[in-house]
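*Asks:* after the sequence you'll find the predicted model.
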Amino acid sequence: MKATDVRAMSADQLNDELAKLKKEQFNLRFQKATGQLEKSSRIQEVRRDIARVKTIARQKAAEAKA
């Protein structure tokens, strides 16, 4: 997921995307614990996507207040 794609989203879409990413992160951790994880690099990608969504959501909230 690219930052330009995330910036184009509305606040509600960002919240939905964040929830989806957190659910995926949980599932990946569960797969890792049970030994079923096939692509371990996906864990790091999801972590970075979560951080990206949170950062842009915070920036948009700060712009709305200003």
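*Replies:* Received it, and whenever you're ready, just let me know what you need.
*Asks:* what does the helix or strand hosting Asp5 rub up against?
*Replies:* Using DSSP states H and E, Asp5 sits within helix 3-7. Around helix 3-7, the neighbours that count as contacts under Cβ atoms under 8 Å, 6 or more residues apart in numbering are Leu14, Glu17, Arg52, Val53, Ile56. C-beta: built from backbone N, CA, C; applies to glycine.
*Asks:* put the alpha carbons of that helix into CSV.
*Replies:* Taking C-alpha atoms only, helix 3-7 is exported to CSV below (Å, rounded to 0.1, in the frame of the first residue of the first chain):
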residue,chain,number,x,y,z
ALA,A,3,1.1,6.6,1.0
THR,A,4,-0.6,8.3,-1.9
ASP,A,5,-3.4,5.7,-1.8
VAL,A,6,-3.8,6.1,1.9
ARG,A,7,-3.9,9.9,1.6
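*Asks:* what mean pLDDT does that helix get?
*Replies:* Helix 3-7 shows a mean pLDDT of 93.
*Asks:* just the helices in this protein please.
*Replies:* In the chain, the helices defined using DSSP state H lie at 3-7, 11-34, 41-65.
*Asks:* what residues sit buried inside the first one?
*Replies:* Yep, that's helix 3-7 we're talking about. Val6 (16 or more other Cβ atoms under 10 Å).
*Asks:* let's have the chain start at 194 instead
*Replies:* Shifting the count to begin at 194 puts that one at helix 196-200.
*Asks:* so what pLDDT did the closest residue to Arg235 other than its chain neighbours get?
*Replies:* Excluding its sequence neighbours, the residue lying closest to Arg235 (Cβ to Cβ, 6 or more residues apart in numbering) is Leu221, at 6.0 Å. For Leu221, the model assigns a pLDDT of 98.
*Asks:* for Leu221, list the residues it contacts.
*Replies:* So Leu221 contacts Leu230, Arg235, Ile236, Val239 (Cβ under 8 Å, 6+ apart).
*Asks:* ok, of those residues, which one's closest to Glu256?
*Replies:* Glu256 has its nearest neighbour among the contacts of Leu221 in Val239, at 26.1 Å by Cβ to Cβ.
*Asks:* all good on my end, thank you.
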